[in-house]
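>>> Output the structure for:
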Amino acid sequence: EYLGQSIAAIRRPGYTKAFSLTTHTSHAPVEARLPEVKAPTLVVMGQLDPDFPDSKAEADWIAGRLNAQVLMVPDAGHYPQSEQPTLVTPAIVGFLAQAHHRA
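Down below sits the predicted model:
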């Protein structure tokens, strides 16, 4: 059902072009601002994410810059929240409870 909704969404007029443009952007402006992030952060990364040669290294890289926690999701690609919701949802809820408690 989710896959069908995703395909239908990308088929709307202009959406494929807009999505394609996002794949040709530079991360440099965001990377330069990472030191400004002060909020607690949870990096959720699928172990099989095809966008990165080494998804664990990518997760560790961003977590190191944000002093973040990492959740590596087994048997998940680029959308771990959709591919493994029974693992990701409780992790996010737990993270938010900890962040709220510290606030």
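>>> where does this structure have low pLDDT?
Under the criterion of pLDDT under 70, the regions of the chain flagged as low confidence span 103.
>>> ranges for the helices of it?
Under the criterion DSSP state H, helices of the chain are mapped to 2-10, 15-22, 28-33, 55-66, 80-83, 85-102.
>>> so which of those helices gets nearest Met72?
helix 55-66 (6.0 Å; Cβ to Cβ). Using the backbone N, CA and C atoms, a C-beta is placed for each residue, glycine as well.
>>> Using neighbour counts, pick out the buried residues of the closest one.
Along helix 55-66, these residues count as buried under the neighbour rule (16 or more other Cβ atoms under 10 Å): Ser55, Ala59, Asp60, Ala63, Leu66.
>>> got the contact list for that helix?
With contacts defined as Cβ atoms under 8 Å, 6 or more residues apart in numbering, helix 55-66 is touched by 34-35, 37, 41, 43, 45-49, 52, 68-70, 72.
>>> Of those, keep whichever come out buried.
By neighbour count, with 16+ other Cβ under 10 Å, the contacts of helix 55-66 hold Thr41, Val43, Met45, Gly46, Asp49, Ala68, Met72 as buried.
>>> Pick the one among the residues you listed closest to Ala18.
Of all the buried ones among the contacts of helix 55-66, Ala18 sits closest to Asp49, with 21.7 Å by Cβ to Cβ.
>>> so the closest one sits right up against His78, yeah?
Yes: distance between Asp49 and His78: 5.0 Å, which falls inside the contact criterion (Cβ atoms under 8 Å).
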